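Trainee: what would the 3D arrangement of this be:
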Amino acid sequence: MSRAAQIAIFLGISTLLVGSFHYYFWTRLVRDTALPPPFARLGTLALIALAVSIPLAFILGRVLDRPMAALSWIAFGWMGIFFLMLVGLVAGELVRLVVATVTWAGDAPLDPERRLLLARGVAGAASAFATAAGATGLYATLRPVDVKRVEVALKKLPRALDGFTLAVISDVHLGPTIGAEFMEDVVKRMNALSPDLVAIAGDLVDGSVEELAAAAAPLQKLQAKHGVFFITGNHEYYSGAPEWLAHLRTLGIRTLENERVTVAEHLELAGCHDLAGRSFGMGHDLDRALQGFDGSRPLVLLSHQPKTFPESAKKGVDLQISGHTHGGQIWPWGYLVKLQQGFLAGLSKLGDAQLYVSRGTGYWGPPMRLGAPAEITQITLRATA
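Mentor: This is a model prediction of the structure:
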């Protein structure tokens, strides 16, 4: 199947789902609340416009030479409110179920006036929750990204490398709503850490090199004693992975493409393509990256999706660094992400192997983070012997 056909199918299914959910919103927010005609008409038109904005932003983002920033902020901002509104309305359905059960048991069904009062109460509460939570999430993305400091003890790490630091970013998602100014600030904060090594763990971009070269330009200012390294995430493949890999090399960034390098003489660093690359002829290949590795030195692996960790642990990786999950980005989405990936954020262990999952540095889609703050991660390696 061609790439164009895949995109057309994705957009078709997405549009159908978006339309269905917005119709549900209309029934609960407009029809069931019996708004007066002017407000009902306004609410209906607003929901139609917002529903159309989401697929329109994706389509125009692919068709136009440059993203439409204003439309992107509206569409992706509404996407976040949309999700939070859905959470609120589903909670309202539970309230409706409890009320219906109680009234049925008491053999006293709600009269029309009380039914209307319940509908307006649920709609009002869901709207208030979505607005407040959305504003909180938006504020979290507009403030500077914090540095999260983590210490990881590695059994094989020689005493001479105790205190070796890695500055890690992941899931920046440069694109319509994240640009050069954001990247400039992140680079400044990373350089202030004076790291021994910088790792970019995938999903750096959401757009082509032509669109986002200027936004990525601050990356050439990154400074680290043992270099700056990059692996692909799934979004690089949607944005032209070969072109981005070539461009990042011109910025002084070493790309790890199912390969391994020795840093600091006694530390191995490996990096794999993302799992999504299999559809593009650039698949995840840990065996290739570990070829010739005898296990005598500590090995740090960059692998975008944390669900690759069980395989990495079996093959002798001491520490895997991943991203992809965004820590859930907007509560309660994280529960579903953990089901799909197996890991959500922070440190985990399988035997002697350890995994660190970054919550990400930017965001995807909605410019919101709720219960999952963005991070620049400073990982300090500690010797145990």
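
Trainee: give the contact list for the closest residue to K225 other than its chain neighbours.
Mentor: In space, and not counting its chain neighbours, K225 is closest to D196: 4.9 Å by CB to CB, 6 or more residues apart in numbering. From N, CA and C alone the C-beta is placed, and that goes for glycine too. For D196, the contacting residues are 164-166, 224-226, 264, by CB atoms under 8 Å, 6 or more residues apart in numbering.

Trainee: out of the residues you listed, which end up buried?
Mentor: 164-166, 224, 226, 264 (16 or more other CB atoms under 10 Å).

Trainee: from these, which is closest to L339?
Mentor: Nearest to L339 out of the buried ones among the contacts of D196 is L166 (CB to CB; 28.7 Å).

Trainee: host element of that closest one?
Mentor: Applying DSSP states H and E as the criterion places L166 in strand 165-169.

Trainee: which residues touch that strand?
Mentor: 186, 190, 193-201, 224, 300, 321, 356, 358, 361, 376-381.

Trainee: go with 7 Å
Mentor: With CB atoms under 7 Å, 6 or more residues apart in numbering as the test, strand 165-169 has contacts from 186, 190, 193, 195-201, 224, 321, 358, 361, 376-380.

Trainee: ok, A270 touching R260?
Mentor: Yes - contact criterion CB atoms under 7 Å: A270 and R260 qualify, at 4.0 Å.

Trainee: where do the contact lists of those two overlap?
Mentor: Joint contacts of A270 and R260 (CB under 7 Å, 6+ apart) are 289-290.

Trainee: residues contacting L319?
Mentor: 152, 154, 300, 354, 356.

Trainee: worst-scoring helix or strand of the chain, pLDDT-wise?
Mentor: helix 3-26 (a mean of 82; mean pLDDT, DSSP states H and E).

Trainee: so what does the helix or strand A100 falls within touch, helix or strand wise?
Mentor: In this assignment (DSSP H and E), A100 forms part of helix 69-105. On a contact count with 3 or more CB pairs under 7 Å, 6 or more residues apart in numbering; DSSP states H and E, helix 69-105 meets helix 37-63, helix 112-142.

Trainee: coming back round to it: ok, so of the buried ones among the contacts of D196, who is nearest P366?
Mentor: L166 (29.0 Å).

Trainee: ok, that closest one to V18 distance?
Mentor: Applying CB to CB, to the nearest Å, the value for L166 to V18 is 40 Å.

Trainee: same check on I379?
Mentor: 39 Å.

Trainee: among these two, which residue is more densely surrounded?
Mentor: The neighbour comparison of I379 against V18 (other CB atoms under 10 Å) goes to I379, with 23 against 18.

Trainee: could you verify that that one is part of a strand?
Mentor: Yes - using DSSP: H, G, I helix; E, B strand; the rest coil, the secondary structure at I379 is a strand.

Trainee: with adjacent residues omitted, what lies nearest to it?
Mentor: Using CB to CB, 6+ apart, the nearest residue to I379 is L166, at 4.5 Å.

Trainee: residues touching the residue positioned nearest the centre of the chain, list them.
Mentor: Averaging the C-alpha coordinates of the chain gives a centre point, and the residue nearest to it by CA atoms, centre = their mean is H326 (3.9 Å). By CB under 7 Å, 6+ apart, the residues touching H326 are 171, 359-360, 363-364, 372.

Trainee: what's the pLDDT at it?
Mentor: On pLDDT, H326 comes in at 98.

Trainee: tell me how far it lies from H235.
Mentor: According to CB to CB, H326 and H235 sit 12 Å apart.

Trainee: and the helix or strand hosting R149, how far from the chain's centre?
Mentor: According to DSSP H and E, R149 maps onto strand 146-154. With CA atoms, centre = their mean, to the nearest Å as the basis, strand 146-154 stands 20 Å off its chain's centre.

Trainee: residues making contact with that strand?
Mentor: 189, 193, 298, 318-319, 347, 354, 356, 373, 375-382, 384.
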